[in-house]
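Participant: got a sequence here, can you model it:
(one chain, ligands or ions: 1)
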Amino acid sequence: MTDMQTTVTSQGSGNARPAKAASAARPAARKGERWIAPAKIAVFIAAWYPLARIVLFGLTDRLGANPIEFITRSTGLWTLVFLCITLAVTPLRRLTGVNALLRFRRMLGLYAFFYATLHFTTYIWFDKWFDVAAMLKDVGKRPFITVGFAAFLLLIPLAATSPRAMARKLGRHWQQLHRAIYAIAGLAILHFWWMKAGKHDLILPKIYGAIVIALLGWRLLVWVRGRFFERQRL
Ligand code: HEM
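Facilitator: Numbering: from 1, shown residues only. Prediction:
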């Protein structure tokens, strides 16, 4: 039976069996999706852990000799972690076949933005006290800050257009805009790498760099394969 036929019969003309089958399948699908709501709540709560840890350490005097540095580094690292998890959603969905994973992507991306905002605020407020001259001097001395700033600026339109209504309104432009996540991930690694290179401690930047390369490389492979098969088909 063709799709067209299924549509016609499911709308009630003649044989009503396909329509019945579809409505019977719907509750089954919903049953299989029951784990999503609790899992979303669990992810929502777990994502507060980095901030809760900072607050707890602050209250118990465990932020070390330089609390501002501790907070800047912690929020910076967690921004990167959430960026990587957000980028991992699509490959994981493809590899596992669990399409519902896509429903977590927006929340994870927004947490990346949340921690980036905390990271940026800690820097401009508690580190530089909104002293623009001091910030410009810092940028000249430590160019990794410019790179981090570029990554943060690119994140803003993605967060602003994350509501579903915006995605609907922007249509295919939404997808194009959200491809900026790849540039953001690249800039974040450069920011991290540059910062740590000055300290001759590149272990973590190498690990995160490898993760980002793997996640972006996978997308590139899928895209190249898609183009190849499309050409073959044509
Ligand atoms: C998407 C945006 C960003 C990401 C993913 C990010 C990530 C990171 C990471 C991973 C670190 C190192 C943490 C560690 O040592 O373990 C870091 C440090 C830092 N970042 Fe960012 N960052 C971003 C944006 C920014 C922005 C906008 C600024 C300021 C304008 C900034 C300023 C700093 C500073 C000052 C440090 C610490 C340097 C030090 O302790 O010597 N970052 N960031």
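Participant: so what does residue 179 have for phi and psi?
Facilitator: Per-residue torsions, residue 179: phi -70, psi -10 (degrees, to the nearest 10).
Participant: work out for me the element residue 53 sits within.
Facilitator: helix 49-59 (DSSP states H and E).
Participant: after that helix comes which helix or strand?
Facilitator: Following helix 49-59 in sequence order, the next helix or strand is helix 67-96 (DSSP H and E).
Participant: that following helix and the ligand, are they touching?
Facilitator: Yes: judged by Cβ under 6 Å from any ligand atom, helix 67-96 comes into contact with the ligand through 69, 72-73, 76-77, 79-80, 83. All C-beta atoms are positioned from the backbone trio N, CA, C, and that covers glycine.
Participant: this structure: helices as residue ranges?
Facilitator: Under the criterion DSSP state H, the chain contains helices at 3-10, 17-32, 36-46, 49-59, 67-96, 105-121, 132-141, 144-160, 164-170, 172-177, 180-197, 203-233.
Participant: next, the angle from the fourth one to helix 105-121.
Facilitator: Taking axes from the mean of the first three to the mean of the last three Cα atoms, to 10 degrees, helix 49-59 and helix 105-121 form an angle of 30 degrees between their directions.
Participant: can you offset everything so residue one is 35?
Facilitator: Got it, the first residue is 35 from now on, which makes the last one we talked about helix 83-93.
Participant: and the contacts of helix 83-93?
Facilitator: If you take Cβ atoms under 8 Å, 6 or more residues apart in numbering as the criterion, helix 83-93 is touched by 96-97, 101, 104-105, 108-109, 112, 149, 152.
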